[in-house]
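Asks: starting from these lines, generate the structure:
(chains A and B)
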Amino acid sequence: MCPALIVLSTLSETYWGLNMSVITAINMPKWGMEMSEGVISVWHLNIGDPVIEGADLLDVETSKIINTITASHAGNLRAITANPGDTLNVGALLGVIASNDVSEEDIQVFIASRSNDTSNHATESAAQELAPVARQDAEAKPLAPSSPTLTAASTPTTSLGSLALGEDDSSVGATVVARRLAKDYGVNLNNLNGTGRHNRVTKADLEQAVLAAGGQLIGQSDSAERPRPAADDSQVKATAVARRLAKDLKVNLLDCRASGDRGRVCKADVEAQAARQQTPVPSTTGQSHIEPPAELQTEIIAMSGMRKTIARRLQESKQTAPHFRVNTDVCIDNLLATRKLINASNRQAKVSVNDFIVKACASALQKIPSMNIQFDGENITRFQHADISVAVAIDEGLITPIVKASETKGLVALSNEIRDLATRAKIGRLSAEEFQGGTFCVSNLGMFGVKSFDAIINPPQAAILAVGTGEPCAVVRNGELTVATMMSLSLSSDHRVIDGALAAEFMSCLKGLLEQPATILG
Amino acid sequence: MSNFDLMVVGGGPGGYVAAIRAAQLGFKTALVEKSDLGGVCLNWGCIPTKALLRGADMAQSLKHAAHFGFDIGTPTLDLAKLVGHSRNTAKRLSQGIEFLMKKHNITVLAGEARLVDTFTLEINNGTECSRYKADHIILATGAHARDLPDIHVDGDKIWGAREAMTPTKLPQRLLVIGAGAIGVEFASLYNDLGSQVTLIEAASRIVPVEDQEVSTQLEKSFRQRGIAVHTATTVQAIQLSDDEVTATLTDHSGNHTQAFDRVIVAVGISGNIEQLGLETLGVHTQRGFISTDEFSKTNVVGLYAIGDVSGPPWLAHKASHEAVICVEKIAGLGAVKPLQKNRVPGCTYCRPQIASVGLTEKAARDNGLDVRIGRFNLSGNGKALAIDEASGFVKTVFDAHSGELLGAHMIGAEVTEQIQGFCIAQQLEATEQELAHTIFPHPTLSESMHESVLDSLNIAIHH
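Replies: Below is the predicted model of the structure:
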């Protein structure tokens, strides 16, 4: 039996120790301040599958969005402790990555120890994370599953834990390679004596220290990182071609239908399964292209994670929040003139009408703080800053990046920030805190020529502004018929926390700001 | 509403690389090209000239065959075939770019692009104009050869690079004006193919951007090959007659007239900034190139410029590198660092080849740096002697205190394939110690790189 080093942390962390293999825990991450639990959506790997660093492990759905957890370390996926549909707290164990030379017994001991660990939450102390605990003796009795925590195990006199401690080591002289490796080992460079030129810490210095501390060098333990079939399909009846093709396409015969003669899995079954797994069928096989039956005129499209989230959240919003709407038309001729002036005078600016609306909303939310809120069904939280979500359409659906503290930002800075957020939203490079939260939302379909529309509130927000297109209209002013550029605004509010008069006051304030854009400054 | 997340104007090594990187990152991307994908580099520059120079190398080897015991008589050249090889190579590569655009789902729009507003391009494909909006527009329009005030490329007797790359007849007497990288490559090519070449340069030495010693060595090699080299010389006037060109050359001793069959003008380049609508948007330019910040941003929001059109060094690999940096910065990728111009290598494919990176000895000293110089002549390199290419050297310039490799200057056979060793050392901030402790394989030309480093420490073995 190989002794295993076991690690506790909020996310997955790995430490290396005395002649040991490593067990890396996959834990429920904490994405954003509000996240306390997550629901397992789908696992991308099966037990036994090899894991490369950075590989997608599983999707976890939070109240906000579905996100993918990726592997921080390589190895094999040895255990899955949470199944799709399960809801778990932040920090809870979801699965285990370890190399194949860690015994099954060790894995089970580790899982058992975690299941009894009551402090399985994000509040685990940093000190605990920094002090990995290891069993020194290869023949030591496995930890009793009831061990309250792993700290009960004996600790080597010198461990990488001691090398990990120390102050910021960014100014310690070290080669580039040594610095990168030190990060991988979790070693603080302050603890090392450099023997390189100008006493720089070299790779050799680092490795010597790791070995001296009883650690093992990275990359020398998992020579057996070979894929392992998820389940043995050697007993499944299949044609010879199907069996070979299944191997090539990494299809398990157990997953295939058996539509061939005498209940055998045939080539078509394997190809169909491969298509389901989205494994491209090698084109060299010529006739292996799968034509859909001619009579099928429809297509079933799987819901993406984002689609599911949108569907669930908006349905919930529409069903629980009593929406009511307040509409107004705004004359934007002054706004357009101001916009023209700004854009002509500043080459670093291309302020849009929507940028003005976001800025005006920020001002209005400051003037009417009762609108600058979130509501979770129990409590109303009022915010100091106007964190305005801006709806951005993307290929997979829509996302609402947030312009934080928008009332503190100048119009041009705000405009360029919105553009940057939209750019990164489209290529999926927003971080969670950039689109989670917000105290108000602006959704603009004016660029599509839409006259007006109603929007659904994005909880826990309590209101959303729907913006239509600006177009020349006949209006009566001082009894005279004249032409003005008019734009329709529709505010959807949650009547549980916002009353009609408040919404009307907000819209009136917003209308004033947009019709006299200079007042946004005040 | 935008048609694309990102549009690139120009399909050269800056533009197409920017488009691919953008597509990889998930941008809805379009590329506008008015001519052939691949730009000057691939169609009328780097690649086709290399194909021609391969012919020149072969001519040289054939001339030299007797030295190795081969009696092959007098070989003859079918110029059309050599030019054909060059054109085919360019065509093949251009089709390769087309494939890459398809593979990455990049929309290729044929036509000339003009900025009509911020985020807006108008594309004229000859029959109609269409407008496109994009959140980010990258200009990668490249550069074109500069003309002399009184001497204009006419495509007949006075050639630019394009004509020089597609000769139908070998000129007997050839004048090359300008001894920068392009000028010396053509001088070398036509000399090897059998023309009588005169090379003139206004500066006091040929390849003036290179280290002084490299210029001296190249001039010596050129003279030995029979190229007439005149430095500190300018062309006063050109007179065209039916069958020749009479050039009036001016140097310190006065004016001289000389007759030639053809003239190649290679006096530098200027950015393709015309007809782009830069004035409409008030885009800042400087001396014919678009001004940008370290991440290729212009002074106009959402507008970027990369490669030749944004200024020197005018090299394909600089353009490609800037392309990646620019796009990754737009995408908000962490850890994007600006391009360091002193780490851009330069390669010139004359014979002997020149390759260099970083500061020349003079530039380092002018910057007030305390330098340590290493030199090694190829005459002490076994492989160079074995292949009978023993003229040339490797010169290294180190900071005497930090040991940083400030510059490396190589002239000789295959040096263009070796300079990356020094580039990697610079990028990793290796000192002369790390290079000295690196094992170079024997027998290779690259051992001279090692010896040059050792020489900077006064411990060269084969000196």
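
Asks: near chain B, which residues of chain A are found?
Replies: Residues of chain A that fall close to chain B, judged by C-beta under 8 Å from any C-beta of the partner chain: A:176, A:197, A:343, A:347-350, A:416, A:419-420, A:422-424, A:426-429, A:447-448. No exception for glycine: its C-beta is placed from N, CA and C like everyone else's.

Asks: which of these are buried? Put it as a PyMOL command.
Replies: Buried residues among those (16 or more other C-beta atoms under 10 Å in any protein chain shown), as a PyMOL selection:
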select buried, chain A and resi 343+347+349+350+416+419+422+423+424+426+427
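
Asks: just to be sure, which of the residues of chain A next to chain B are found in helices?
Replies: If you go by DSSP state H, the residues of chain A next to chain B have A:176, A:343, A:416, A:419-420, A:422-424, A:426 in helices.

Asks: and the two most separated of those?
Replies: The span of those, defined through C-beta to C-beta, is set by A:Val176 and A:Asn343 at 45.4 Å.

Asks: domains in chain B, by residue range?
Replies: Chain B breaks down by automatic domain parsing into domains covering B:4-145+B:270-341, B:158-267, B:352-456.

Asks: what is the mean pLDDT for the last one?
Replies: Put plainly, it is domain B:352-456. Taken as a whole, domain B:352-456 has a mean pLDDT of 95.

Asks: any idea which element A:Leu513 lies in?
Replies: Assigned by DSSP states H and E, A:Leu513 falls within helix A:500-515.

Asks: so what touches that helix?
Replies: A:324, A:326, A:328, A:330-332, A:334-335, A:356-357, A:360-361, A:363-364, A:367-368, A:370-371, A:463, A:465, A:487, A:489, A:491, A:493, A:519-520 (C-beta atoms under 8 Å, 6 or more residues apart in numbering or on different chains).

Asks: report the buried members of those.
Replies: Using 16+ other C-beta under 10 Å as the burial test, those include A:326, A:330-332, A:335, A:356-357, A:360-361, A:363-364, A:367-368, A:371, A:463, A:465, A:487, A:489, A:491, A:493, A:520 as buried.

Asks: sort out for me which of those residues are in strands.
Replies: Assigned to strands by DSSP state E, the following of those qualify: A:326, A:330-331, A:463, A:465, A:487, A:489, A:491, A:493.

Asks: for the helix or strand containing A:Gln108, what is the average pLDDT?
Replies: According to DSSP H and E, A:Gln108 maps onto helix A:104-115. Here helix A:104-115 scores 82 as its mean pLDDT.

Asks: the ones in helices among the residues of chain A next to chain B into a markdown table, with extra columns for distance to B:Phe376 and pLDDT?
Replies: Converted to a markdown table, these look like this (distance: C-beta to C-beta, whole Å; pLDDT from 0 to 100):
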| residue | distance to B:Phe376 | pLDDT |
| --- | --- | --- |
| A:Val176 | 28 | 81 |
| A:Asn343 | 60 | 92 |
| A:Asn416 | 53 | 95 |
| A:Arg419 | 54 | 94 |
| A:Asp420 | 51 | 94 |
| A:Ala422 | 56 | 93 |
| A:Thr423 | 50 | 92 |
| A:Arg424 | 50 | 92 |
| A:Lys426 | 53 | 88 |
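
Asks: off-centre distance for the one helix or strand B:Ile137 maps to?
Replies: Taking DSSP H and E as the criterion, B:Ile137 maps to strand B:129-139. Strand B:129-139 has its C-alpha centroid displaced from the chain centroid by 29 Å (C-alpha atoms, centre = their mean, to the nearest Å).

Asks: how about stretch B:11-24?
Replies: Remark: stretch B:11-24 is offset 19 Å from the chain centroid, using C-alpha atoms, centre = their mean.

Asks: then that stretch to CSV, C-alphas only?
Replies: In CSV, the C-alpha atoms belonging to stretch B:11-24 read as follows (Å, rounded to 0.1, in the frame of the first residue of the first chain):
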residue,chain,number,x,y,z
GLY,B,11,-4.2,40.2,-44.4
GLY,B,12,-0.4,40.1,-44.0
PRO,B,13,1.5,38.5,-41.2
GLY,B,14,0.2,41.1,-38.7
GLY,B,15,-3.4,41.0,-39.9
TYR,B,16,-4.1,37.3,-40.4
VAL,B,17,-2.4,36.4,-37.2
ALA,B,18,-4.6,39.0,-35.3
ALA,B,19,-7.7,37.5,-37.0
ILE,B,20,-6.7,33.9,-36.0
ARG,B,21,-5.9,34.8,-32.4
ALA,B,22,-9.2,36.8,-32.1
ALA,B,23,-11.1,33.8,-33.5
GLN,B,24,-9.4,31.5,-31.1
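
Asks: buried residues, that stretch. List them.
Replies: Buried, per 16+ other C-beta under 10 Å, within stretch B:11-24: B:11-23.

Asks: CSV for those, including distance to A:Thr400?
Replies: Compiled in CSV, those are given as follows (distance: C-beta to C-beta, whole Å):
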residue, distance to A:Thr400
B:Gly11, 36
B:Gly12, 39
B:Pro13, 39
B:Gly14, 35
B:Gly15, 34
B:Tyr16, 34
B:Val17, 33
B:Ala18, 29
B:Ala19, 29
B:Ile20, 30
B:Arg21, 27
B:Ala22, 24
B:Ala23, 25
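
Asks: and of the residues you listed, the nearest to chain A?
Replies: Of all the buried residues of stretch B:11-24, B:Ala22 has the smallest distance to chain A: 8.8 Å, by C-beta to the nearest C-beta.

Asks: which stretches of the stretch 251-400 of chain A have low pLDDT?
Replies: Counting by pLDDT under 70, the stretch 251-400 of chain A shows low-confidence ranges at A:278-296.

Asks: mind listing residues that contact stretch A:325-341?
Replies: With C-beta under 8 Å, 6+ apart as the criterion, stretch A:325-341 contacts A:351-353, A:356, A:452, A:454, A:470, A:473, A:475, A:484-493, A:500, A:503-504, A:507-508, A:510-511, A:514-518.

Asks: counting by contacts, list what the helix holding A:Gln108 packs against.
Replies: strand A:4-6, strand A:21-27, strand A:75-80, strand A:93-98 (3 or more C-beta pairs under 8 Å, 6 or more residues apart in numbering or on different chains; DSSP states H and E).

Asks: what about it, distance to the chain center?
Replies: For helix A:104-115, the distance to the chain centre is 28 Å (C-alpha atoms, centre = their mean).

Asks: just the buried positions in it, please.
Replies: For helix A:104-115, using 16+ other C-beta under 10 Å, the buried residues are A:106-107, A:109-114.

Asks: got it, and stretch A:507-522?
Replies: Across stretch A:507-522, burial judged by 16+ other C-beta under 10 Å covers A:507, A:509-515, A:517, A:520.

Asks: same question, stretch B:453-462
Replies: Buried, per 16+ other C-beta under 10 Å, within stretch B:453-462: B:453-456, B:460.

Asks: can you check stretch A:441-451 too?
Replies: For stretch A:441-451, a neighbour-count test (16+ other C-beta under 10 Å) marks A:441-446 as buried.
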